[in-house]
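Asks: pasting the structure only:
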Ligand SMILES: O=C(O)[C@H](O)COP(=O)(O)O
């Protein structure tokens, strides 16, 4: 049986599938040529990440497609319900990348707290005077230890991020409309475990209490953070969005930065991907990454092998 991993798959995933007798192609087929390619090459399994979309037209036009697999968490690029109604299996890997996303968020937060995103690229091209100027300009960093992290969306990734925060000595407050309490177990290198119970609170309280805010909610119709939510935040808050572009109003974010409400922010996802708005790209208060939350070797290995084992258990 043939598998097309249109947005790529780890070597470990390919090895597991080939061992079970599957033929795996990692050719990237352009979206508009995908239907023809799938039909002409007898593809039974289509694997995607977030770049390729799998909508009703493709599902209808490719009756031989048995499995649609999302290597990752968010399935907003797939018409999941429709595909299932048509008898296709739709799978994803919800737990594989949580820790990688959490670490990226913390990379951004630590960087923003100490202006690393700007200091790196401004180091003294113009000699000593620039060095001294930068030292002064970036003298007012902040520590994360002892501060409060607000987590909006307390599923797997929100909880993984909270665990990193607890390990860093932060207080965690969280909001999730579907969860009242969560037990977080921190694993230490020597095998010790420490567990924390966190009761979720209202979104408003999270926004009011947090010094740092991170978003871990799925794609949805309405903004989760818009002007009203920015107004509730502490002055000088630092914010990160590694969830989905459309959950945060980018125009309202730029305004909140200009007013001083938001000191600095990190964006890994954008309302317009893969071409974010120029006013974001040029903004010195923003630390930016190109949707790389899950882009670690470890997460990609877990994603590949989890997809392979699900495919093998469905199709044999
Ligand atoms: O939903 C996800 O898993 C993340 O947004 C990662 O997206 P990617 O697979 O395109 O890296």
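Replies: That came through, no problem. Computed from a predicted model, the values in this text were never measured in an experiment.
Asks: list the contacts of stretch 308-316.
Replies: With CB atoms under 8 Å, 6 or more residues apart in numbering as the contact definition, stretch 308-316 has outside contacts at 1, 3, 12-13, 16-17, 20, 22, 44-45, 66-67, 69, 89, 91. Bear in mind the C-beta positions are built from the backbone N, C-alpha and C, glycine included.
Asks: farthest pair within those?
Replies: Farthest-apart pair in the contacts of stretch 308-316 is 12 and 66; separation 22.4 Å (CB to CB).
Asks: ok, which stretches of the stretch 151-300 of the chain are strands?
Replies: For the stretch 151-300 of the chain, strands defined by DSSP state E, counting those that start in this stretch occupy the ranges 171-175, 181-187, 193-199, 212-215, 237-241, 262-267, 286-288.
Asks: in JSON lines: these, plus mean neighbour count.
Replies: Listed next are these as JSON lines, based on neighbours: other CB atoms under 10 Å:
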{"stretch": "strand 171-175", "mean neighbour count": "22"}
{"stretch": "strand 181-187", "mean neighbour count": "13"}
{"stretch": "strand 193-199", "mean neighbour count": "11"}
{"stretch": "strand 212-215", "mean neighbour count": "26"}
{"stretch": "strand 237-241", "mean neighbour count": "25"}
{"stretch": "strand 262-267", "mean neighbour count": "24"}
{"stretch": "strand 286-288", "mean neighbour count": "20"}
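Asks: closest one of the contacts of stretch 308-316 to the ligand?
Replies: residue 69 (11.4 Å; CB to the nearest ligand atom).
Asks: pull out the buried residues from the contacts of stretch 308-316.
Replies: By neighbour count, with 16 or more other CB atoms under 10 Å, these hold 1, 3, 12-13, 16-17, 22, 44-45, 66-67, 69, 89, 91 as buried.
Asks: just give me the longest helix of the protein.
Replies: helix 297-315 (DSSP state H).
Asks: tell me the contacts of whichever residue of the chain sits closest to the ligand?
Replies: Of all residues in the chain, the one sitting closest to the ligand is residue 72 (2.5 Å; CB to the nearest ligand atom). By CB under 8 Å, 6+ apart, residue 72 lies in contact with 49-50, 92-93, 96-97, 294, 303.
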